[in-house]
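>>> quick one: sequence plus predicted model below, questions after.
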Amino acid sequence: MNSAGAWCELHNNHTDVGDRQMQNIFAAFARGPIAWLGEVDYIDDESLLAEAQAMGRPHRGRLEPREGPQPEAHGREFDPDADIDEDEQCATASSGNTYRSSSPSCAGYRYYDGIPQNDRQNRQLVFLQFNGYF
């Protein structure tokens with residue numbers, strides 16, 4: 001199956017402590033068993049706690065065979081403040097999902113690459129995830 005689509009969202013939140021606006025653009029493309037999804041987020045936060053403009057770019061690719069596990073690779077780029085140089089954060093991951101079974105589960109690996117001064121933004125993670133329905 002081949003398909004493609006794109007859409008956008010606009011959010012405005014006006015409060016007593018400030019204004020926050022967010023715009024999102026999403027796009028998806030599928031060709032055969034491979035699906036690609038992408039997104040760009042822009043946030044303009046003018047609240048009392050912070051005044052910043054942020055940009056996020058998550059993306060994902062998935063192989064969707066008719067049966068068996070679905071290998072997936074995804075990544076995320078995030079710039080929390082456009083006015084500060086070298087504060088970008090990146091994360092990449094890969095996993096194998098079994099969504100089509102009665103108890104979906106996945107195993108994966110994540111690699112985080114952020115500013116050198118913050119250990120939480122620079123780490124690796126191996127995970128197993130099991131889900132059940134009741």
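That came through fine. Numbering: from 1, shown residues only.

>>> and the pLDDT for residue 60?
In this model, residue 60 is scored at 79, pLDDT.

>>> and after whatever helix or strand it lives in, which helix or strand comes next?
Residue 60 is located in strand 51-63, with elements delineated by DSSP states H and E. Once the chain leaves strand 51-63, the next helix or strand it forms, by DSSP H and E, is strand 70-79.

>>> how close does the residue nearest the centre of the chain sit to residue 39?
Central residue of the chain (CA atoms, centre = their mean): residue 58, 3.8 Å from the mean position. Going from residue 58 to residue 39 by CB to CB, to the nearest Å gives 5 Å. Using the backbone N, CA and C atoms, a C-beta is placed for each residue, glycine as well.

>>> so where is the protein shaky, pLDDT-wise?
1, 48-50, 65-69, 97-104, 133-134 (pLDDT under 70).

>>> which residue ranges of it form strands?
Along the chain, the segments classed as strands by DSSP state E run 2-15, 18-31, 34-47, 51-63, 70-79, 89-97, 105-113, 124-130.

>>> for the last one, packing partners?
With contacts defined as 3 or more CB pairs under 8 Å, 6 or more residues apart in numbering; DSSP states H and E, the packing partners of strand 124-130 are strand 105-113.

>>> ok, the nearest residue to residue 128 once chain neighbours are set aside - contacts?
What sits nearest to residue 128 in space, not counting adjacent residues and going by CB to CB, 6 or more residues apart in numbering, is residue 107, at 5.1 Å. Going by CB atoms under 8 Å, 6 or more residues apart in numbering, residue 107 touches 95, 96, 127, 128, 129.

>>> great, nothing more from me.
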